[in-house]
Structure formats: C-alpha cells, structure tokens
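Colleague: my questions concern the predicted model and sequence given below.
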Amino acid sequence: MSIAVVALGSNLGDTSATLDEALVDIRALPLVRSVTASTVISSTAITLTGPDPSKPRYANAVALVDTDLAPSVLLAALNEIESRHGRVRDERWGDRTLDLDIVAYGTVTSDDPRLTLPHPRAHERDFVLDPWLEVAPDAALPGLGPVARIREGLS
C-alpha cells in the first residue's frame, strides 16, 4: 500500500465537472483502494514566462490515492485519463482540459525523466501545497520536509 499525491488542474471547458469526472476515473482504476480529494481552488495560469492573468484561471485540487499500482503504471493510467478528457500536449505549460501530476508517491524518489519524484516544482506551487495540506495537514514532501513549513516559506 502506498499513498500517491496527485495534483489535478484544468483551465479549459467545464473545469469543475472535468475534475469531478477525473476523480471518478481515478477511483475506478484497478488496485486503487480509496481516493481522498481536497476542495477545488482557483489559481492564475502559470506559463513558461510566469503567472499570466490573461489566461483562463485554473481549477486545482489534490487527491490522496491509496494504491498498489507502481508509480509508472499509475502515471500511465493518469495520462490515459487526461487523454480521455481531451488533453493535448502541443505547448509546454499551455492551457489544458486536464492535468494530472503525481506530486509524491510515498517516500519514493526518482530522477527518471518520465517521472521525477517528488514533482520538481511542487514545493513552489501554492495551488498544490494548499489543497494538499487540506487533506493531509501533517504531509511531508520527500527530501524537503513538512509541507506546512514549505508553504510558510512561500508567503
């Protein structure tokens, strides 16, 4: 049993419905015992050049996924869910119907270019840290420490 921390984001289409449907899809994956999701928050789009308030705002949430799926298998399943929801990967950090990122997977660390764990920018993103703290107030980011302390450093 491992707990995967999955960040969900959407800024195209019916973002709230898309996140709800993605959570249903994650719950339906084999070897997933439970999914605990945060409330949805809104955030400014982040682009390669930084925050861009001219872009559609994001709906963001975090889910704790209790699973026996290996991290790489979970990532493949999340990518399939993104595809079913119309995700197109034309532009790095571009607008998207659905973005599902594995932020952390238990205490696993990985430098694999296909799946870096923990997520290399999670500690910089209040739209990841705030919902994560809602569902896991005592959470820790492997290698960086308590999420609450990391979040305080962003203020």
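Modeller: Noted; the coordinates are in hand. As the structure is a prediction and not an experimental result, all values here were calculated from the model. Residues are numbered from 1 along each chain as shown.
Colleague: and after whatever helix or strand residue 75 lives in, which helix or strand comes next?
Modeller: Per DSSP states H and E, residue 75 falls inside helix 71-84. Going down the chain from helix 71-84, the next helix or strand is strand 99-105, by DSSP H and E.
Colleague: what pairs with the following helix or strand past that following strand, and is each one parallel or antiparallel?
Modeller: Scanning forward in sequence from strand 99-105 by DSSP H and E, the next helix or strand is strand 110-112. Strand 110-112 has its sheet partners listed here by DSSP bridges as strand 115-117 (antiparallel).
Colleague: okay, buried residues for the strand it pairs with please.
Modeller: Neighbour counts using 16 or more other C-beta atoms under 10 Å place 115, 117 of strand 115-117 among the buried residues. All C-beta spots, glycine's among them, are computed from the backbone N, C-alpha and C.
Colleague: which outside residues touch that strand?
Modeller: Applying C-beta atoms under 8 Å, 6 or more residues apart in numbering, the external contacts of strand 115-117 come out as 71-72, 75, 102, 104-105, 108-110, 142.
Colleague: low-confidence ranges in the chain?
Modeller: Counting by pLDDT under 70, the chain contains low-confidence residues at 91-93.
Colleague: so residue 52 sits against residue 45, correct?
Modeller: Yes: between residue 52 and residue 45 there is a contact under C-beta atoms under 8 Å: 5.1 Å.
Colleague: which of the two has more neighbours?
Modeller: residue 45 (19 against 14; other C-beta atoms under 10 Å).
Colleague: and the gap between the residue lying closest to the more buried one once chain neighbours are set aside and residue 73?
Modeller: Leaving aside its sequence neighbours, residue 45 sits nearest to residue 55 (C-beta to C-beta, 6 or more residues apart in numbering; 3.6 Å). Distance of residue 55 to residue 73, given as C-beta to C-beta, to the nearest Å: 32 Å.
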